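Undergrad: Show me how the following folds:
(chains A, B, C and D)
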There are 2 protein chains.
Amino acid sequence: MQRHVADVRAFNRFYTRLIGLLHQGVLDSSYSLTEVRVLFELDRAGRMETGDLRRLLGLDAGYLSRMLGRFEGDGLVVRERSAADARRQVVELTPEGRTRFAGFDERAAEEVRELLAGVTDEDRGRLVASMATIEEILGRAPRTDRPYVIRPPRSGDLGWVVYRHGTLYSQEQGWGMDFEAMVARIVADYVDGHDPRREAGWIAEVDGERAGCVFCVRKDDETAQLRMLLVEPSTRGMGIGTRLVDECVRFARAAGYRRMMLWTRDVLVGARRIYQATGFELVEKRRGGGDETFVEEIWARDL
Amino acid sequence: MQRHVADVRAFNRFYTRLIGLLHQGVLDSSYSLTEVRVLFELDRAGRMETGDLRRLLGLDAGYLSRMLGRFEGDGLVVRERSAADARRQVVELTPEGRTRFAGFDERAAEEVRELLAGVTDEDRGRLVASMATIEEILGRAPRTDRPYVIRPPRSGDLGWVVYRHGTLYSQEQGWGMDFEAMVARIVADYVDGHDPRREAGWIAEVDGERAGCVFCVRKDDETAQLRMLLVEPSTRGMGIGTRLVDECVRFARAAGYRRMMLWTRDVLVGARRIYQATGFELVEKRRGGGDETFVEEIWARDL
DNA sequence: GCCAATTCATTGACCTCGTCAACGAATTGG
DNA sequence: CCAATTCGTTGACGAGGTCAATGAATTGGC
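TA: Next up, the predicted model:
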């Protein structure tokens, strides 16, 4: 796995540089890359609401507004109010806009044609096949619709929690046994003395297999702490993590806490996205560990 | 070919989006992508002269100077004068800088690890193999060191000039027969009435095969026109185009012209790079053709 | 059926990234 | 030894993009 990660990263660097070179041609066309992307989408879709365009490309509303204004000034697009909802706008390329875009598009195609000119017919076939393979593997939408359930921990689950934390973080992150021991202690404390009205845990199951977990424990009377969030790699992207955190937040609110906090490390980027999505904010960040090699983060939100 | 170009472009769009997602993690680390690239190179190289760093990453001198100043303020690097040449600087990561970089690097690796987590072992193998294939095919440095010669046209060459213009531009650009006819007329005029002191042509040969051509013809007493520059796709990237243009410029200067101009179309991005590199500047740009579908460009330079 | 909350597009202020030209100090070539 | 060149630095600037405030249109709750 480690080997594969390095290989993929090397390829990413290689391809980033390549794409940079290919973009050169478009870049000196007095329209920016983003502008060309907007034109591309408009060309493809025919008419579109600006809101859809914005969401599709992830653009700032103000930025897009100004951009479309400029396009309109240049005679590339026409904007009109939506008939159904006068706040919204529908935008469309003019014939002039279409021919201008066709020009950019042709230049971009020429760049690629040049790139391929130096490749033999046979290699060209291999190249396209390899690209198709990559797109298929990485683009394959992971099945996000598999049914899963969230349930309280049963006997046997807690051992699994320790085991999976140990395996995933020790393997993937190279964290040592002390991390495993810490998890074991948290679990032990949870079992030993917890008040079920103020502390709880959840296990996620997919197809009868354990797929994730999270725990809500008391930090002080006002503050709940979210601990030991974990989602199996093979079931990530299905929204299980977010669902677990939501469950945890709902419980903490009902249990009378005013605030919820959690501790994590900066390298766990997947978890970070879940916390951001569920309303947490980063409140503290500091070096940790004996040798200061990692960065601890504390996140919190009001309930 | 057309099909392959479309496939490659689709893959580029796909992979651009993917890389964008992967960069997310690095981007919210308070250092920009470029800054991380600089740290990456410093981490790999140990000590480096800033000039090398600048050339390697293609950065502006002022930009890098300020960036290194900031890094020094943050305690990430140390800068010192080169012993050999006191104008130059040698820069090196501090231990602090190394651990900070290790942090970024680990986060980036984690993003990739997450991406691969959703892929089965078998597919992971196929993925990495496909990436290797692409890198091999596109990264294979085309042999730029093959010997070539530039010589005056001989009988048989002019037919070849018309033939290759027709084939390459008709095929690749979809330009029609009128373009072919235009080339034929230029060649005919050149043969019929040219003054060898004021007009000339050159053929490039690689391994005894014709690989390119260019012509210098009289526009008016003061102005020479460069016409019919062409380099075979399979020999592009060897510098033949630049060499042909240089030859042409040198002749025009010796022949007493004051200015040289040329006509091209905006989609010929490869040619554009050659013109820029040989000192030409874009002086005019206008729609052309009966249906206004393409953009003509006029480039010129003083001699 | 009305009012408060929400959703849109727009605008001005602002920030970061990166470029360009000018400059002084150091070096090299003739 | 002096003129031309190279190197890093600095100030001014521009492009691309973000953010928050605003007003107009719409929706939801009562």
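
Undergrad: switch to C-alpha atoms for all contacts and neighbour counts from now on
TA: Will do.

Undergrad: And the helices in chain A?
TA: A:2-27, A:33-45, A:50-57, A:61-73, A:95-117, A:121-139, A:157-173, A:177-193, A:240-254, A:269-277 (DSSP state H).

Undergrad: of all the residues in the stretch 1-150 of chain A, which ones are close to DNA strand C?
TA: Counting by CA under 7 Å from any atom of the strand, the stretch 1-150 of chain A comes close to DNA strand C at A:49-51, A:61-63, A:65-66, A:68-69, A:87-89.

Undergrad: quick one: which of the helices of chain A is nearest B:Arg146?
TA: helix A:95-117 (17.1 Å; CA to CA).

Undergrad: Need the helices of chain A in TSV (columns: distance to B:Trp202).
TA: Putting the helices of chain A into TSV (distance: least, CA to CA, whole Å) gives the following:
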stretch	distance to B:Trp202
helix A:2-27	28
helix A:33-45	38
helix A:50-57	49
helix A:61-73	45
helix A:95-117	23
helix A:121-139	29
helix A:157-173	61
helix A:177-193	73
helix A:240-254	68
helix A:269-277	59
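
Undergrad: wait, which of those is closest to B:Ala181?
TA: The nearest among the helices of chain A, by CA to CA, is helix A:95-117 at 22.9 Å.

Undergrad: ok so, going back, go through the residues of the stretch 1-150 of chain A next to DNA strand C and name the one with the lowest pLDDT.
TA: Lowest pLDDT within those is found at A:Arg87 (85).

Undergrad: Ramachandran angles for that residue?
TA: phi -80, psi -30 (degrees, to the nearest 10).

Undergrad: Give the closest residue to it in space, chain neighbours not counted.
TA: Spatially, and ignoring its direct neighbours in sequence, A:Arg87 is nearest to A:Arg81 (7.0 Å; CA to CA, 6 or more residues apart in numbering or on different chains).

Undergrad: Can you get me a residue count around the nearest residue to A:Ala184 once chain neighbours are set aside?
TA: Leaving aside its chain neighbours, A:Ala184 sits nearest to A:Val162 (5.8 Å; criterion: CA to CA, 6+ apart). Look at A:Val162: counted by other CA atoms under 10 Å in any protein chain shown, it has 20 neighbours.

Undergrad: Write the PyMOL selection for whichever of the residues of the stretch 1-150 of chain A next to DNA strand C are buried.
TA: Listed next is the PyMOL selection for buried residues among these, using 16 or more other CA atoms under 10 Å in any protein chain shown:
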select buried, chain A and resi 49+50+68+69
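
Undergrad: Most widely separated two among the residues of the stretch 1-150 of chain A next to DNA strand C?
TA: Going by CA to CA, the pair spanning those furthest: A:Tyr63 and A:Arg87, at 17.5 Å.

Undergrad: Show me what from the stretch 151-300 of chain A comes close to chain B.
TA: A:Pro233, A:Ser234, A:Thr235, A:Arg236, A:Asp266, A:Val267, A:Leu268, A:Val269, A:Gly270, A:Thr293, A:Phe294, A:Val295 (CA under 8 Å from any CA of the partner chain).

Undergrad: so who does the fourth one touch?
TA: Contact analysis of A:Arg236 by CA atoms under 8 Å, 6 or more residues apart in numbering or on different chains lists B:Gly118.

Undergrad: now do the last one
TA: Going by CA under 8 Å, 6+ apart, A:Val295 touches A:Arg265, A:Asp266, A:Val267, A:Lys285, A:Arg286, A:Arg287, A:Gly288, B:Gly103.

Undergrad: I'd like to know how far the residue in the stretch 201-303 of chain A positioned nearest to chain B sits from B:Ala108.
TA: Using CA to the nearest CA, the closest approach of the stretch 201-303 of chain A to chain B is made by A:Val267 at 4.6 Å. Going from A:Val267 to B:Ala108 by CA to CA, to the nearest Å gives 8 Å.

Undergrad: between the two, who's got more neighbours?
TA: A:Val267 (23 against 20).

Undergrad: For the more buried one, which non-adjacent residue is closest in space?
TA: In space, A:Val267 is closest to B:Arg107, 4.6 Å off (CA to CA, 6+ apart).
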